[in-house]
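Novice: heads up, no residue letters with this:
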């Protein structure tokens, strides 16, 4: 029996691609466009859980940034390559990804962190902090409450550690909260910056 490193998204990839994975102006696109004004011109961004690259990677590329993607679902990674030929993408779980063996000016993880088990979330958040340049920006989504629920698409469990725990962990990893906001789908965003020494 093989392990599904995509947390159920490989099994549902075609359904996702036909709906959310092709929505250029989908939920979160507007918020990402607003967030990129915080990034320096020409910076390099890592898109974790990039899926098809739509809308996230497209927004970042349209804003003039260099983008690298990571997604654990092979069907999503293939769609990403088709949508954005020449943009580096790795088909691997974020928990074991080496993040292209480099640091980034910014990292986004929209709709990803809460799909992971609690202990994996902590590991990934620590890796993100380590993968950011000094002054680097991090944007991710997760509910503010400490809750568990069943993901609508995959029928698998999701877990939010809650705002207090996320912010405490990230502070311990050297990231400082800049702002929090929500999109039209009531997804909660955390914008953090890596402290400079």
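Specialist: Ah, there it is. On a predicted model such as this, the values are computed, not experimentally measured, just so you know.
Novice: low pLDDT regions in this protein?
Specialist: Low-confidence segments of the chain (pLDDT under 70): 1-26, 153-154, 197.
Novice: which residues in it form strands?
Specialist: Ranges of strands within the chain are 44-48, 66-71, 89-91, 104-109, 132-141, 146-150, 157-161, 175-182, 188-194, based on DSSP state E.
Novice: how about those strands, which one is nearest residue 122?
Specialist: strand 157-161 (8.0 Å; C-beta to C-beta). (C-beta placed from N, C-alpha, C; glycine too.)
Novice: in its sheet, what does the closest one sit against?
Specialist: Sheet partners assigned to strand 157-161 using DSSP bridges are listed as strand 146-150 (antiparallel).
Novice: okay, which residue is most central for this protein?
Specialist: For the chain, the residue nearest the mean C-alpha position is residue 109 (1.3 Å; C-alpha atoms, centre = their mean).
Novice: Tabulate the strands of the chain (JSON lines), appending distance to residue 79.
Specialist: Shown next, in JSON lines, are the strands of the chain (distance: least, C-beta to C-beta, whole Å):
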{"stretch": "strand 44-48", "distance to residue 79": "14"}
{"stretch": "strand 66-71", "distance to residue 79": "9"}
{"stretch": "strand 89-91", "distance to residue 79": "10"}
{"stretch": "strand 104-109", "distance to residue 79": "18"}
{"stretch": "strand 132-141", "distance to residue 79": "21"}
{"stretch": "strand 146-150", "distance to residue 79": "25"}
{"stretch": "strand 157-161", "distance to residue 79": "22"}
{"stretch": "strand 175-182", "distance to residue 79": "27"}
{"stretch": "strand 188-194", "distance to residue 79": "24"}
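Novice: quick one, which of the ones you listed is nearest to residue 117?
Specialist: strand 157-161 (7.1 Å).
Novice: For that closest one, what is the distance to the chain centroid?
Specialist: Averaged C-alpha coordinates place strand 157-161 at 15 Å from its chain's average position (C-alpha atoms, centre = their mean, to the nearest Å).
Novice: do stretch 32-42 as well
Specialist: For stretch 32-42, the distance to the chain centre is 15 Å (C-alpha atoms, centre = their mean).
Novice: now what about that stretch, what contacts it?
Specialist: 45, 55-56, 59-60, 63-66, 105-106, 108, 110, 137, 139, 178, 189, 191 (C-beta atoms under 8 Å, 6 or more residues apart in numbering).
Novice: Please apply the same query to stretch 81-92.
Specialist: So stretch 81-92 is contacted by 5, 50, 52-54, 57-58, 61, 67-74, 77, 80, 97, 100 (C-beta under 8 Å, 6+ apart).
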